[in-house]
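Visitor: one predicted model, sequence on top.
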Amino acid sequence: MTVTYRKEEGVGIITMDDGKANAVSPQLLHGLHAAVDQAVADDVVLVIEGRPGMFSAGFHMPTLNAKGPEATAMLTSGFQLVEKLLNYPKPVVTACGGHAVAMGMFLLLCGDHRVGAAGAFKIVANEVAIGLTMPRTAVELCRLRLTTPAFQRSMLISAPFTPETALLAGHVTELVAPEDVSATAIATAKQLCALNMTAFRGTKARVNGDALRALGSRGGSGQRGVRGALRLRAWSRARCHTRAARTWRCAWVGRA
C-alpha cells in the first residue's frame, strides 16, 4: 500500500511508503486526502510520516512533465492538501526520516511540529532549479514556516538544506536519530492530545490566517494558481555553452 492509516491512543498515523521515493502521484494524493478526511472524522491528533530515508521526493515527474490535464489536477490536489492540513483542527506532526524534496518539503512544512532525522539527508525546494515557477501556495507556506533568509534562499535559488541547517531555518523543529523519528513523532502527538483544542484551533486559525487569506485572494491552489507552475522557462532548458557558465549556474542553484 502507498498510503496507510491507523489509530493509536487518540492519534491518527498516516504512513507514505511506495517502496521507492514516495513520489506525490495522483494515486498517493488520493490516499492522503482520504486518510486526512478519516482523521478529521476520527477527531485525532495527526502524524504524517514517510519511509526510512525518504519522506517524499516530490511530485511524480512523468505526470508533471506531460503538462496535460492530469498534471494540472495533480498540482491542484497537492496544494489543496496543503491548505487542508493548514486548516486541520488538531495538531499535525510531520515525521521526516530522510530526504524531503519539492512537494515533499511542502508536506513536511504542513506540520505544526516537525521531527527530522539527523544524517546525510537533503531538504530542498528545487522548482526554480528545474525551471518551474514556484506555486503561490508553496511560497506562502514557506513564508509562514521559514526564517526570512532561509525563505529567500529556498524560494529564489533552490538552496538545499541539511537536517542541521534545516533546524535553524525552520523546516524542522526537532532532530533525532533516524531510527527514532517515527516513535518521537507519535509520542509527541500523544502529548499534544492534552492541549485545550478549542484554544488550539482558535490560535492556529490566527497563526495560519494570513497565509490562507493570501492564498484565497490570489487564486491559491485553483486551476489558475497552478497553471503557472507548469510553465517551463526557456532559459532553464537552454544548455550552457561554456564551462564557466555551467560552473556559475551550478553554484547559483546550490549544486556545485
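Guide: Yes, it's here. Numbers count the residues shown, from 1 in each chain.

Visitor: what's in contact with the top helix by length along the chain?
Guide: When every helix of the chain is counted residue by residue (DSSP state H), the longest turns out to be helix 197-217. For helix 197-217, contacts defined as C-beta atoms under 8 Å, 6 or more residues apart in numbering pick out 83, 86-87, 89-91, 112, 136-137, 140-141, 143-144, 221, 225. For the C-beta atoms, the positions are set from N, CA and C on the backbone; glycine is no exception.

Visitor: can we see that at 7 Å?
Guide: Here helix 197-217 makes contact (C-beta atoms under 7 Å, 6 or more residues apart in numbering) with 83, 86, 89-91, 136-137, 140-141, 143-144, 221.

Visitor: give me the PyMOL select line for these, limited to the buried ones.
Guide: To isolate in PyMOL the members of these that are buried, counting by 16 or more other C-beta atoms under 10 Å, one can use:
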select buried, resi 83+86+90+91+136+137+140+141+144+221
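
Visitor: for residue 18, helix, strand, or coil?
Guide: coil (DSSP: H, G, I helix; E, B strand; the rest coil).

Visitor: that one contacts residue 2, correct?
Guide: Yes - counting by C-beta atoms under 7 Å, residue 18 sits close enough to residue 2 to count as a contact (4.6 Å).

Visitor: which residues are common contacts for these two?
Guide: In contact with both residue 18 and residue 2: residue 28, using C-beta under 7 Å, 6+ apart.

Visitor: helices of this protein, residue ranges please.
Guide: 26-42, 61-66, 69-86, 103-109, 136-145, 148-157, 163-169, 181-192, 197-217, 223-227, 234-237, 243-252.

Visitor: mean confidence score for the fourth one?
Guide: Per-residue pLDDT values over helix 103-109 give a mean of 98.

Visitor: which parts of that helix are buried?
Guide: Judged by neighbour count using 16+ other C-beta under 10 Å, the buried positions of helix 103-109 are 103-109.

Visitor: who does that helix touch, helix- and strand-wise?
Guide: Here helix 103-109 touches strand 53-56, strand 92-96, helix 136-145, going by 3 or more C-beta pairs under 7 Å, 6 or more residues apart in numbering; DSSP states H and E.

Visitor: contacts for it?
Guide: 22, 24, 48, 55-59, 78, 82, 94, 96, 100, 114, 123-125, 138, 141-142, 145, 171.

Visitor: so how far is it from its chain's centroid?
Guide: 1 Å (C-alpha atoms, centre = their mean, to the nearest Å).

Visitor: can you check the second one too?
Guide: On the basis of C-alpha atoms, centre = their mean, the separation between the geometric centre of helix 61-66 and that of its chain is 18 Å.

Visitor: can you tell me the average pLDDT over it?
Guide: Mean predicted confidence for helix 61-66 is 92.

Visitor: off-centre distance for stretch 95-115?
Guide: That offset, for stretch 95-115, works out to 5 Å (C-alpha atoms, centre = their mean).
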